[in-house]
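**Student:** With the input below, show me the fold.
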Amino acid sequence: MGDNKNLILALVLSAMVLFGWSILFPTSTEDLPAEQPVNEQVVPNAGDTVAANDAAPLPPRSLEDALGGNSRVAIETPRLDGSINLIGGRIDDLTMTDHSVELDDESGPVRLLSPSRTPDAYFTEFGWTSDGIEVPTSTTRWTSDGEVLTPQTPVTLSWSNDSGQTFKLIFAVDENYLFTVDQRIENRGPGAVGVGTYARARRAGIDESRTMFNVHNGPMGVFNNEATYDVDYDDLEDEGAQTFSTTGGWIGFTDKYWLTALIPSQNTPVRATMQAIKGDGGDVTGYQTDYVGSGMIVEPGTAKIVESRLFAGAKEKKLLDEYEDAGVQRLSKSIDWGWFEWFMRPIFDLLRWLFMVTGNFGVAIILLTVLVRLVLYPIANKQFRSFAGMRRVQPKLKALQDRYKDDKPKLQQEMMKLYQAEKINPLAGCLPILLQIPIFYALYKVLLVSVEMRHQPFVLWLKDLSAPDPLTPVNLFGLLDFTPPSFIAIGVLPILLGVSMWLQFKLNPTPVTDPVQKQIFGIMPWVLMVVMAPFAAGLQLYWVANNILTLAQQKFFYWRYDKDNPPDVVEAKATKA
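**Tutor:** Numbering: from 1, shown residues only. Take a look at the predicted model:
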């Protein structure tokens, strides 16, 4: 018995290590040092990688100081607020007005982009490269033909050099998160000039988490119609720049809920690069993703224009799908669906439709649970018919086990004969469990990566289904004024999950005779209660609702299949026989 206890202890500890390591010892999420100014030397040849080396560092500055002054063009859309910096022509000030930092409105909107040298510097820039003429740089002061960029009013920034070339950045934006940036060069000089275009996104900090074991956060792109999740921040720091050649697609940074994606013309080959930016001491000061187009010749008296686009906003599936339909190659792959993407997408679409109908994400999750149980009903019916048969033959099985306890092969043969005679499939009960696994995993991933569920309330204390259940007996359900650590903050939903699973095991129609298995099944509900406590309340709600429906279904099937052959009557008949 001591060995059995050690085995159970090892299993529990293994589960705690597997699921609880990231809770007890989370990956460092400290902000990187403030972003240093880029080297203003232009790229020598069109098609080369955009330079990321830094010049002598300038001092950091506050966001208020960076946004002060009058050298900015405002951005005003139904979902975005911010500005374009006329110094460098950067989009470096962007907030999402319909997504707040915290649940309360006082926390303010989520900021996606911030100017250089601010604590969370994150910006995008579109420019030119040339080794024959002067081109605009990050210190160029542009002239704007408008004061506000809106979906109805595009804005053009202009700058001219001394050799007869005029450069223009023509900005337009839609009602959501997509910018169009046309890079135009007009050559009024005496001779032809060779130029290339580029776009880059740079950030000095990272989102609240780096890549997790099941969700990719960090540098990402779609190249030649294939998404890459293989490169993360650590790879850029340790292995250096990663370069890709592609026609179509995009490159940028994906976070759990937000995306910044540079989108070149989908019919033009470009060279895309991901790299870590390092200071003089070799320390990483930021990260950059960029693409560079092929060089082009602009004859005297002519103009050339290159269309680029920028997605900067929330990763809403419906919106990403619409942009894909409009020609942006596989933008929805910025959501890390995982292996079961083919299954997760319809699950998400159904969940979103239920949310649109009910107006409550928690109710939508419960209705989805009901629909799943209805779909699986025929299989569950077959499962419990098999269970009822197992209950009927249990006394006969026990008799066989006693008779052939010293002859295992003979025991197996006699058991198979009994199953065939009684028309019982002992494995029939496994199928519903196996089918539930991909459904549960799909819903887990959907709730994990779905910005649509972020800050969505259910009822009473459940104000955010994307966060763990906040009501825990550890602080007497909020009566004590302290917030317990996440690994012991077991909320009401995880407790209900453990209790409902324990009741399921108590009602299990196939009694477990092995003492080790009995102890494992006895402790499993409480282990899962602890393991599930840090997960999103939406996932906990699904599991609790599923357990309750399973209990109700079990009671119904027991009544249906045992009313004619009660287990005690069957056992009495077998004893007399």
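
**Student:** For the chain, which segments count as helices?
**Tutor:** In the chain, the helices defined using DSSP state H lie at 2-24, 63-67, 233-239, 317-325, 341-358, 361-375, 377-403, 408-422, 430-449, 492-506, 515-532, 537-562, 567-576.

**Student:** For the longest one, name the packing helices and strands.
**Tutor:** For helix 377-403, the packing partners by 3 or more Cβ pairs under 8 Å, 6 or more residues apart in numbering; DSSP states H and E come out as helix 408-422, helix 430-449, helix 537-562, helix 567-576. Bear in mind the C-beta positions are built from the backbone N, C-alpha and C, glycine included.

**Student:** now with 6 Å?
**Tutor:** Helix 377-403 is packed against helix 408-422, helix 430-449, helix 567-576, with contacts defined by 3 or more Cβ pairs under 6 Å, 6 or more residues apart in numbering; DSSP states H and E.

**Student:** got the helices of the chain as JSON lines, with mean pLDDT and distance to residue 128 columns?
**Tutor:** JSON lines is the format used below for the helices of the chain (pLDDT from 0 to 100; distance: least, Cβ to Cβ, whole Å):
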{"stretch": "helix 2-24", "mean pLDDT": "37", "distance to residue 128": "44"}
{"stretch": "helix 63-67", "mean pLDDT": "90", "distance to residue 128": "25"}
{"stretch": "helix 233-239", "mean pLDDT": "91", "distance to residue 128": "25"}
{"stretch": "helix 317-325", "mean pLDDT": "95", "distance to residue 128": "26"}
{"stretch": "helix 341-358", "mean pLDDT": "89", "distance to residue 128": "38"}
{"stretch": "helix 361-375", "mean pLDDT": "90", "distance to residue 128": "46"}
{"stretch": "helix 377-403", "mean pLDDT": "75", "distance to residue 128": "62"}
{"stretch": "helix 408-422", "mean pLDDT": "80", "distance to residue 128": "77"}
{"stretch": "helix 430-449", "mean pLDDT": "74", "distance to residue 128": "37"}
{"stretch": "helix 492-506", "mean pLDDT": "87", "distance to residue 128": "55"}
{"stretch": "helix 515-532", "mean pLDDT": "79", "distance to residue 128": "53"}
{"stretch": "helix 537-562", "mean pLDDT": "83", "distance to residue 128": "47"}
{"stretch": "helix 567-576", "mean pLDDT": "48", "distance to residue 128": "82"}
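
**Student:** Which one of the ones you listed lies nearest to residue 260?
**Tutor:** helix 317-325 (13.4 Å; Cβ to Cβ).

**Student:** From the rest of the structure, what touches the closest one?
**Tutor:** 176, 331-332 (Cβ atoms under 6 Å, 6 or more residues apart in numbering).

**Student:** nearest to residue 224, of those?
**Tutor:** Once Cβ to Cβ is applied, the member of the contacts of helix 317-325 that ends up nearest residue 224 is residue 331, at 14.9 Å.

**Student:** which residue is nearest the centroid of this structure?
**Tutor:** Central residue of the chain (Cα atoms, centre = their mean): residue 449, 3.2 Å from the mean position.

**Student:** From what I see, it and residue 333 are in contact.
**Tutor:** No - contact status for residue 449 versus residue 333: not in contact, 11.9 Å apart, counting by Cβ atoms under 6 Å.

**Student:** re the thing from before, skip the chain neighbours and tell me the closest residue to the residue nearest to the centre of the chain.
**Tutor:** residue 335 (5.5 Å; Cβ to Cβ, 6 or more residues apart in numbering).

**Student:** That neighbour: how many residues sit nearby?
**Tutor:** 27 (other Cβ atoms under 10 Å).

**Student:** is it true that it touches residue 315?
**Tutor:** Yes - distance between residue 335 and residue 315: 5.4 Å, which falls inside the contact criterion (Cβ under 6 Å).

**Student:** Can you give the distance of stretch 242-259 from its chain's centre?
**Tutor:** 15 Å (Cα atoms, centre = their mean, to the nearest Å).

**Student:** List the buried residues of that stretch.
**Tutor:** 242, 244, 246, 248-259 (16 or more other Cβ atoms under 10 Å).

**Student:** measure residue 424 to residue 386 for me?
**Tutor:** Distance from residue 424 to residue 386, counting by Cβ to Cβ, to the nearest Å: 6 Å.

**Student:** Oops, could you answer that again for residue 407 instead?
**Tutor:** As judged by Cβ to Cβ, residue 407 and residue 386 stand 26 Å apart.

**Student:** So these two - more neighbours on which side?
**Tutor:** Taking neighbours as other Cβ under 10 Å, residue 407 and residue 386 compare with residue 386 leading, 23 against 11.

**Student:** gap between the more buried one and residue 362?
**Tutor:** Going from residue 386 to residue 362 by Cβ to Cβ gives 34 Å.
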